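Based on what follows, work out the 3D shape:
(one chain, ligands or ions: 1)
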Amino acid sequence: KELIVEVAHFNASTKEELESFRIKYLGSKGVLKDLFAEFKNVDADLRKDFGQALNTLKKTAEEKVIQLTEILENSVEEKTLYGDLTRPGEPIELGSRHPISIVKNQIIEVFNRIGFTVSEGPEIEDDWHNFSALNLPEYHPARDMQDTFFINKNPDILLRTHTSSVQVRYMEKNQPPIRTISPGRVFRNEDISARAHCIFHQVEGLYIDTDVSFADLKQTLLYFTKEMFGKSKIRLRPSYFPFTEPSAEVDIYWGLETEIDYRITKGTGWLEIMGCGMVDPNVLKNCNIDPTKYSGYAFGMGIERIAMLLYQIPDIRMFYENDKRFLEQFRSVI
Ligand code: PHE
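From the prediction side, this is the model:
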């Protein structure tokens, strides 16, 4: 009975200790074997008691071995899983730059090389900077062209519909010479489709100095398209913007080499990539720049559209879905 208590309280901290315990009690020359051999020598009136005690001892010892084996095996496993300091660490998944950022940075770099700085403005704008200062007075029909998101139904506070608002802010604070580009997010209450989204990105360009002409604008656009796309077959189509006069739309000839080229250029090979023009003297005046002394040009382009061309992306919605299978493909692009 003392042995039962001893066995019940036994504990082993190593497999070796447990093994010698097993041999001591349950082995072929162990304590239990001896005691069972003793059985026939026990007095008849004590036999029942002795037999029961022996069975309990055997059961307790066997259960102890099973229980301790389990504990020790688990802790060995734990040691090899977490306790081995020489194990290599879990691999860290590296992220990659979003294609919009990649293309934005490329555009910035191309214009930095010819002296353009980068400027930014707020995404929540007032009417003056997004519309009025840009020669779009209240009730001007051109305002309808840009489906505006207003904030709290306040007609004066809105999400900017283009980065041209940053032109105004920049001219209000700086006198010519001005050479700046303004990348940023813009918002329009448009139906979402493969080609249009309600949130997208633009880069605005602004160049103001003495004697700036339309020829300077065209030469800058030729330089840009050559650097950006490796080709500079472009055409300027007369257009209208309230803040530039004259105004033009820039198309690049992309060719029709692949199915996707065919889709994004609508099968003509030409693709519109930006709006541009000579800054309207009224806009200069609104921003306290003397239009009799200075002139300049401005342009604005959509980053998504350029990224879609460069990387053959057929659907604008892919930029905002955060699908890793899409994003991972830009890992090797800086
Ligand atoms: N702001 C115009 C747009 O969003 C683009 C533009 C910018 C046109 C500058 C001319 C000059 O469509």
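
Name the residues of the least confident helix or strand in the chain by mean pLDDT that are buried.
In the chain, no helix or strand scores lower on mean pLDDT, DSSP states H and E than helix 259-264, which sits at a mean of 76. By neighbour count on 16 or more other Cβ atoms under 10 Å, the buried set for helix 259-264 is Asp261, Ile264. In short, each C-beta sits where N, CA and C put it, glycine included.

what's the pLDDT at the spatially most central residue of the chain?
Nearest residue to the geometric centre of the chain (Cα atoms, centre = their mean): His98, 5.6 Å. Looking at His98, its pLDDT reads 95.

and what of Gln146?
66.

near the ligand, which residues of the stretch 51-200 of the chain?
Contact residues, the stretch 51-200 of the chain versus the ligand (Cβ under 6 Å from any ligand atom): His162, Ser164.

Can you list the low-confidence ranges for the stretch 51-200 of the chain?
Within the stretch 51-200 of the chain, the segments meeting pLDDT under 70 span 76-84, 142, 144-146.

For it, which residue gets nearest to the ligand?
With Cβ to the nearest ligand atom as the measure, His162 is the residue of the stretch 51-200 of the chain nearest to the ligand, at 3.4 Å.

Name all residues that make contact with that residue.
Asn130, Gln146, Val186, Gln202, Glu204, Gly300 (Cβ atoms under 8 Å, 6 or more residues apart in numbering).

what's near enough to touch Gln219?
With Cβ under 8 Å, 6+ apart, Gln219 has no contacts at all.

Gly27: how many residues sit nearby?
The tally of other residues near Gly27 (other Cβ atoms under 10 Å) stands at 14.

what do you get for the one 10 residues further on?
Neighbour count of Ala37, defined by other Cβ under 10 Å: 9.

Not counting its own residues, what contacts stretch 232-244?
Contacts for stretch 232-244 (Cβ under 8 Å, 6+ apart): 134-136, 140, 142, 164, 167, 218, 221-223, 225-226, 246-253, 270, 275-280, 283, 297-298.

Once you drop chain neighbours, what's closest to Ala248?
Nearest residue to Ala248 in three dimensions, chain neighbours excluded: Leu236, at 4.1 Å (Cβ to Cβ, 6 or more residues apart in numbering).

Pull up the gap between that neighbour and the ligand, please.
Between Leu236 and the ligand the distance is 12 Å, computed by Cβ to the nearest ligand atom, to the nearest Å.

Quickly find the element holding that residue.
strand 234-241 (DSSP states H and E).

circling back to that earlier point, return the subset of the contacts of stretch 232-244 lying in helices.
Ser164, Gln167, Lys218, Leu221, Leu222, Tyr223, Thr225, Lys226, Val283 (DSSP state H).

what sits against the fifth one?
In this structure, Leu222 makes contact with Ser232, Ile234, judged by Cβ under 8 Å, 6+ apart.

That one and Lys231, how far apart?
10 Å (Cβ to Cβ, to the nearest Å).

Name the residues of the strand holding Leu236 that are buried.
By 16+ other Cβ under 10 Å, the buried positions in strand 234-241 come out as Ile234, Leu236, Phe241.

Run me through the strand neighbours of that strand, direction for each.
strand 244-253 (antiparallel) (DSSP bridges).

that older thread, so the residue of the stretch 51-200 of the chain closest to the ligand lies in a strand, does it not?
No: applying DSSP: H, G, I helix; E, B strand; the rest coil, one finds His162 to be coil, outside a strand.

Can you get me a residue count around the closest residue to Leu136 other than its chain neighbours?
In this structure, Leu136 finds its nearest non-sequential neighbour in Pro242, 4.8 Å apart by Cβ to Cβ, 6+ apart. Residues near Pro242, counting by other Cβ under 10 Å, number 20.

got it, and Gly269?
Gly269 has 16 nearby residues by other Cβ under 10 Å.

Now it: phi and psi?
For Gly269, the backbone dihedrals (degrees, to the nearest 10) come out as phi 90, psi -20.

Which phi and psi values does Lys233 adopt?
phi -90, psi 100.

Other residues contacting the least confident helix or strand of the chain?
Against helix 259-264 from outside (Cβ under 8 Å, 6+ apart): Trp254, Gly255, Leu256, Gly269, Leu271, Met308, Leu309, Gln312, Ile313, Pro314.
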